[in-house]
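Novice: Next one to model:
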Amino acid sequence: MGVKTRIEELDMLKAVGIVMVVIGHTACPYELHRLFYFIHMPLFFMLSGCTNRSDSYYGEGKNVRQFFLKRLKTLYWPFLYYSLPIVLLHNVFASAGLYESFYDARGFIIQLARVLLFSIGETEPFLPQLWFIKVLFITEILYALVVMMCVRMGFSKYYLLLPLSVAALLVPPQ
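Specialist: Next up is the predicted model:
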């Protein structure tokens, strides 16, 4: 028999977060909606961090590269998989009345570049729901790089993570 690798308590917390997402997307009372939206995504991000690797793992550049490549495979490629067809079908959606404007050749190139650079832009109403993939990718990569630097320099990661976290709170969401 294999070693148990799942942490059932984390699975239960994820289930609570999923229920919050579902209820938050229904016609629930405003206060409940606001509470759930305040909690559910930070909960998922924290749970993701709970299963993260030890700091010593990130001390080696080889491991950080492997981590980056894995995140490309599990976050970036799925983002492209769902985003590119929507961008390519933009004018079809506009013809059906789902979008307000059509793309010309320049608009397509700009929007394709935005998607390839992990951005969405404001002209794709079907894509903003994927914001969390971009945020998770960026935060996980930055985390790995910060921890790698701190391990190599021999000081606590919190000296860099705390100021970066405060700075992230001050940056406007746009």
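Novice: how close does Lys14 get to Tyr82?
Specialist: Between Lys14 and Tyr82 the distance, using C-beta to C-beta, to the nearest Å, works out to 21 Å. Heads up, the C-betas are built off the backbone N, CA and C, glycines and all.
Novice: For Glu60, give me phi and psi.
Specialist: Main-chain dihedrals, Glu60, degrees, to the nearest 10: phi -100, psi 130.
Novice: In space, what's closest to it - neighbours in sequence excluded?
Specialist: In space, and not counting its chain neighbours, Glu60 is closest to Met148: 7.9 Å by C-beta to C-beta, 6 or more residues apart in numbering.
Novice: got the buried residues for stretch 135-146?
Specialist: Neighbour counts using 16 or more other C-beta atoms under 10 Å place Leu136, Phe137, Thr139, Glu140, Ile141, Tyr143, Ala144, Val146 of stretch 135-146 among the buried residues.
Novice: residue contacts, the last one?
Specialist: In other words, Val146. Contacts here follow C-beta atoms under 8 Å, 6 or more residues apart in numbering; on that basis Val146 touches Lys157, Leu160, Leu161, Leu164.
Novice: Which pLDDT value goes with it?
Specialist: Listed pLDDT for Val146 reads 85.
Novice: shaky segments in the protein?
Specialist: When the per-residue scores of the chain are filtered using pLDDT under 70, the ranges that remain are 1-4, 48-52, 120-123, 169, 172-174.
Novice: mind running it again at 50?
Specialist: Scanning the chain with the threshold set as pLDDT under 50 gives no residue ranges.
Novice: Please convert the buried members of the contacts of Val146 into ChimeraX selection syntax.
Specialist: To isolate the buried members of these in ChimeraX, using 16+ other C-beta under 10 Å:
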select :157,160
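Novice: host element of Gly17?
Specialist: When secondary structure is defined using DSSP states H and E, the element that contains Gly17 is helix 8-24.
Novice: Counting by contacts, list what that helix packs against.
Specialist: helix 30-50 (3 or more C-beta pairs under 8 Å, 6 or more residues apart in numbering; DSSP states H and E).
Novice: List the buried residues in stretch 61-70.
Specialist: For stretch 61-70, a neighbour-count test (16+ other C-beta under 10 Å) marks Val64, Phe67, Phe68 as buried.
Novice: Contacts for the strand or helix carrying Ala94 next, please.
Specialist: Assigning secondary structure by DSSP H and E places Ala94 in helix 90-95. For helix 90-95, the surrounding residues in contact (C-beta under 8 Å, 6+ apart) are Ile86, Tyr99, Glu100, Ser101, Phe102, Tyr103, Phe108, Gln111, Thr123, Glu124, Phe126.
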